[in-house]
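Visitor: Structure here, sequence nowhere to be found:
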């Protein structure tokens, strides 16, 4: 018998309001989250990701559908009976208590023996690497340290699932990067299923085993970070995850999962098809900026497309080239990795050619 999923969402909807003012924050959504994985709900503000997290936690109840935890339907179970814990954007620590007292507070509320609480607190302090700060009040430590205390407090009762609602959003950029690595380490060491909510694509790609991209209350695609980035099936997913180029075209032929698409301005492009998708007629082709290259003037005749370089943006690690293709309308962005002390090869206003890597383009479902 296969292992049960940690969490299953089955045709769940959550309607707020009544009559003409009713709206579906979560709309007939289904997803299975595996045991011991770092799973991220990713999407813009208002897409339903936090509502879905609150439904799992029990802070909201579904209008319809089932929520299963290890095979048991918990949709109607009150939050205090669910073996899950939540870490919020605001850590809600007790400023008059020490780090150790904050970590042990939940265990005290559960009526655990004093010796067990002390042992568990010591274990959590070691896990989050804060043994030396155990006696300091949480009002006297940094934001990153407070976040670690909040995590330790949530992990102390050994929940089946840990829910994290954008817990890194209040941290500065450098600290967020450090805590992304720290969160992934904690998940791997504890073996607890983490369900993480964020609108930050980089966070999702950095930490997750799998990502669910949401829009308008629905999950559009679920996959590994590489699958979501390299093989988006939906235009919203392709546009939301990183930078990308969209080219309109007409399918000329299909064979073995590859379509030949006549894009007009960019010529004929071979593009991979989503599984089970057999397009006919007009389609959209997606191509990431790093999978195309600028050609020098003497090689423009060999390039797939041509255009005028409108802007060059230096980012340190790489340079972005913004081109308008030969039709004078279609924008196209390229990204090239910089080399040490490399002189600029192209300037604004240059006529340039663009070549495309083989097997880089994909057809979208819509």
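Guide: Cool, the structure landed. Since the model is a prediction, treat every value here as computed from it, not as a measurement.
Visitor: Let me know the distance separating the residue located most distally from the centre of the chain from residue 278.
Guide: Residue farthest from the centre of the chain, counting by Cα atoms, centre = their mean, is residue 298 at 41.7 Å. Plainly put, residue 298 is 41 Å away from residue 278 if you go by Cβ to Cβ, to the nearest Å. Placement of C-beta: from N, CA and C, glycine included.
Visitor: circling back to that earlier point, what are the phi and psi values at the residue farthest from the centre of the chain?
Guide: Main-chain torsions, residue 298, degrees, to the nearest 10: phi -80, psi 0.
Visitor: ok, now which ones touch it?
Guide: Shown in contact with residue 298 (Cβ atoms under 8 Å, 6 or more residues apart in numbering): no residues.
Visitor: try the one 3 residues further on
Guide: Contacts of residue 301 were listed using Cβ under 8 Å, 6+ apart, and they are residue 353.
Visitor: Now do the helices in the protein.
Guide: 49-57, 99-109, 114-127, 143-155, 173-190, 201-207, 225-230, 235-240 (DSSP state H).
Visitor: closest to residue 36 out of the ones you listed?
Guide: helix 173-190 (8.2 Å; Cβ to Cβ).
Visitor: by contact count, what packs against the closest one?
Guide: Contact here means 3 or more Cβ pairs under 8 Å, 6 or more residues apart in numbering; DSSP states H and E; on that basis helix 173-190 packs against strand 38-42, helix 114-127, helix 143-155, strand 193-198, helix 201-207.
Visitor: Tabulate the ones you listed (a markdown table), appending mean pLDDT and distance to residue 243.
Guide: Below are the helices and strands packed on helix 173-190 laid out as a markdown table (pLDDT from 0 to 100; distance: least, Cβ to Cβ, whole Å):
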| stretch | mean pLDDT | distance to residue 243 |
| --- | --- | --- |
| strand 38-42 | 97 | 16 |
| helix 114-127 | 92 | 37 |
| helix 143-155 | 89 | 29 |
| strand 193-198 | 96 | 18 |
| helix 201-207 | 92 | 10 |
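Visitor: Need these in a markdown table (columns: distance to residue 265).
Guide: Formatted as a markdown table, the helices and strands packed on helix 173-190 follow (distance: least, Cβ to Cβ, whole Å):
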| stretch | distance to residue 265 |
| --- | --- |
| strand 38-42 | 32 |
| helix 114-127 | 55 |
| helix 143-155 | 48 |
| strand 193-198 | 36 |
| helix 201-207 | 28 |
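Visitor: now these in a markdown table, with mean neighbour count and distance to residue 171?
Guide: As requested, these are arranged in a markdown table below (neighbours: other Cβ atoms under 10 Å; distance: least, Cβ to Cβ, whole Å):
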| stretch | mean neighbour count | distance to residue 171 |
| --- | --- | --- |
| strand 38-42 | 26 | 17 |
| helix 114-127 | 16 | 19 |
| helix 143-155 | 22 | 6 |
| strand 193-198 | 24 | 12 |
| helix 201-207 | 20 | 11 |
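Visitor: Which one of the ones you listed lies nearest to residue 321?
Guide: In terms of Cβ to Cβ, the element of these nearest to residue 321 is helix 201-207, at 21.4 Å.
Visitor: Work out which residue lies at the spatial centre of this protein.
Guide: Centre-most residue of the chain, counting by Cα atoms, centre = their mean: residue 204, 3.0 Å.
Visitor: hang on, that residue packs against residue 212?
Guide: No. Using Cβ atoms under 8 Å as the test, residue 204 is too far from residue 212 to be in contact (9.3 Å).
Visitor: Below-threshold pLDDT in the protein: ranges please.
Guide: 1-2, 366 (pLDDT under 70).
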